[in-house]
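[1] Whatever this is, show me its structure:
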Amino acid sequence: MGYMLNACLDHGMKNVILTGHHSKLTKVAAGCFHTHNKVADARMETLAAYAGLLGAPPQVIGELLNANTSENALEILRKNCFLQVMPLVAARAAQRAMEHVFGELKVGVVMFTMGGEVLAVDDNALEIGREMNWPIQSG
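    Okay, here's the model as predicted:
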């Protein structure tokens, strides 16, 4: 992700929308810009921290920390009514991406599940999408 953001700058872009699976974008929210699992991973810790911020009990936080996959963690959030974590993570990923390029790009984020369900769309993605007449809606 970091290389791609820098390449966008090199090509004169001003706005970027990062779209993809919530797993990769959760890593960006944690400040991991090389998202291969052998290099960096903070997915479960990030999701657990945001769930805790929203009042998740220790049992839910523990389940998130012990989840085997991001899809499993998503189901834990869903069954415990904490999907509102995902818009916070999307907004944080956008913020981290903009910080990575020292504010030289406006970055938006759209997060999906493996099945193509839109989980979250941050405000920047909505704004960039409107400017380009894209039918982006919040998740």
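
[2] Any figure for the gap between the closest residue to residue 84 other than its chain neighbours and residue 81?
    For residue 84, ignoring the flanking residues on the chain, the nearest one in space by CB to CB, 6 or more residues apart in numbering is residue 54 at 6.2 Å. Where you see a C-beta, it was placed from the backbone N, CA and C, and this is true even at glycine. Distance of residue 54 to residue 81, computed by CB to CB, to the nearest Å: 10 Å.

[3] With neighbour numbers in mind, choose between these two.
    residue 54 (14 against 10; other CB atoms under 10 Å).

[4] Which residue ranges of the chain form helices?
    2-10, 22-29, 43-53, 58-65, 70-79, 85-100, 123-131 (DSSP state H).

[5] just checking, what packs against the fourth one?
    Going back to what we said before, that points to helix 58-65. helix 43-53, helix 70-79 (3 or more CB pairs under 8 Å, 6 or more residues apart in numbering; DSSP states H and E).

[6] Show me what the mean pLDDT comes to for it.
    In this model, helix 58-65 has a mean pLDDT of 98.

[7] Can you mark which positions in that helix are buried?
    60, 61, 63, 64 (16 or more other CB atoms under 10 Å).

[8] any idea which of the helices and strands packed on helix 58-65 is most buried?
    Comparing these by mean neighbour count (mean count of other CB atoms under 10 Å), helix 43-53 ranks first with a mean of 21.

[9] Tell me the gap between that one and the middle of its chain.
    Here helix 43-53 shows a centroid-to-chain-centroid distance of 12 Å under the convention CA atoms, centre = their mean, to the nearest Å.

[10] likewise stretch 86-99?
    The answer for stretch 86-99 is 6 Å, by CA atoms, centre = their mean.

[11] How about stretch 116-129?
    On CA atoms, centre = their mean, the centre of stretch 116-129 falls 10 Å from that of its chain.
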